[in-house]
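> My questions concern the predicted model and sequence given below.
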Amino acid sequence: MDPLRAIVMWALLFLGTHLLLSSRAVRPRLIAMLGERAYPGVYSLVAFATFIPLVVAFAHHKHSGMMLWDLREVAPIRWLVWLLMLLAFIIFVASFITPNPGSMGAPGESKNAGVARGVLKISRHPGFVAFSMFGLAHILMNGFVGDVFFFGTFPALSIIGGMHQDSRKEAQLGASYKQLENSTSFFPGLALVQGRQHWTMADMPWLAIALGGALTGLIVWLHPVIFGGNPTGR
């Protein structure tokens, strides 16, 4: 199969199966058939069965297809990419540290489901935001069609995942989760700009900043060894 077609096919299968299995029409039926405990296992199995071939196809055929843009030598864009990666790692770490009623593993009922703290004031889906930043940063530095499809799966999946989790949590938690939605945003920083949230020093994720900065430095150091080239180029 043509390398570009293989990347596009696996990218669409990865996104399509996530969309199908987590949809409001299919998910309840699968849970009824498999049970609450077995469903996440099947979901993960399908995810790995589509994501691993996607990674393998991309690893063997990076920079496939026509080049759409080449921004590697544009200094402001390169600095923007570094900033996006640093923020992605900080927000990703903070997403594990901060209890989030919108996450998949959160309890079905919570008295504080409508209260946003820390990184949730930036986005109620910080993990998805981190993945989106990771994908967008790499798209800026990798303008070939195959690269765009591969790295584009991260923001696409994040947007789909955020929408589905909001829908499920609305049904699960009701008014308290609606309160969280009304006071927060999925797009990072929007609720702060609109005045629906107010950032304080108590919200600063100092541990996430330290760990995220360390992870960024580690990736910068290991990237040429593991992936070749540098983190923001070939």
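Yep, it's here.
> isn't residue 95 right up against residue 124?
No: using C-beta atoms under 8 Å, residue 95 makes no contact with residue 124, being 10.5 Å away. C-beta: built from backbone N, CA, C; applies to glycine.
> out of the two, which sits in the more crowded spot?
More neighbours surround residue 124 than the other of residue 95 and residue 124, with 26 against 23 (other C-beta atoms under 10 Å).
> can you pull the contacts of the residue lying closest to the more buried one once chain neighbours are set aside?
Spatial nearest neighbour of residue 124, excluding adjacent residues (C-beta to C-beta, 6 or more residues apart in numbering): residue 184 at 4.1 Å. By C-beta atoms under 8 Å, 6 or more residues apart in numbering, the contact set of residue 184 is 116, 120-121, 123-124, 191, 196-197.
> Out of the residues you listed, which is nearest to residue 156?
residue 123 (16.7 Å; C-beta to C-beta).
> Would you check how far apart the closest one and residue 180 are?
The spacing between residue 123 and residue 180, counted by C-beta to C-beta, to the nearest Å, is 12 Å.
> neighbour count winner among those two?
Each of residue 123 and residue 180 has its neighbours counted (other C-beta under 10 Å); residue 123 has more, 26 against 23.
> what helix or strand is that one on?
Per DSSP states H and E: residue 123 is located in neither a helix nor a strand.
> From what I see, it and residue 186 are in contact.
Yes: Residue 123 is within contact range of residue 186, at 6.0 Å (criterion: C-beta under 8 Å).
> got any residues that touch both of these two?
Residues touching both residue 123 and residue 186 (C-beta under 8 Å, 6+ apart): residue 129.
> Residue 216 looks like it's in a helix, true?
Yes: Residue 216: assigned to a helix according to DSSP: H, G, I helix; E, B strand; the rest coil.
> Numbering from 12 from now on, please.
Okay, using 12 as the starting number, the last item reads as residue 227.
> Now do the same for it: its pLDDT.
You'll see residue 227 listed with a pLDDT of 89.
> cool, and residue 88?
pLDDT for residue 88: 94.
> show me the contacts for residue 214.
Contacts of residue 214 by C-beta under 8 Å, 6+ apart are 128-130, 132.
> Domain-wise, how is the protein divided?
12-72, 75-237 (automatic domain parsing).
> among those, which is the most enclosed?
domain 75-237 (a mean of 17; mean count of other C-beta atoms under 10 Å).
> so how far is that one off the chain centroid?
Mean-position distance between domain 75-237 and its chain equals 6 Å (C-alpha atoms, centre = their mean, to the nearest Å).
> now stretch 31-47
Counting by C-alpha atoms, centre = their mean, stretch 31-47 is centred 22 Å from the centre of its parent chain.
> Just the CA trace of that stretch, in CSV.
C-alpha atoms of stretch 31-47 as CSV (Å, rounded to 0.1, in the frame of the first residue of the first chain):
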residue,chain,number,x,y,z
LEU,A,31,-18.0,4.8,17.3
LEU,A,32,-17.2,3.0,20.5
SER,A,33,-17.7,6.0,22.7
SER,A,34,-20.8,7.3,21.0
ARG,A,35,-24.1,7.5,23.0
ALA,A,36,-25.7,5.0,20.6
VAL,A,37,-23.0,2.3,20.8
ARG,A,38,-21.3,2.7,24.2
PRO,A,39,-24.4,1.8,26.4
ARG,A,40,-25.1,-1.3,24.2
LEU,A,41,-21.5,-2.5,24.5
ILE,A,42,-21.6,-2.0,28.3
ALA,A,43,-24.8,-3.9,28.5
MET,A,44,-23.3,-6.8,26.5
LEU,A,45,-19.8,-6.8,28.0
GLY,A,46,-20.3,-5.3,31.5
GLU,A,47,-18.8,-2.1,33.0
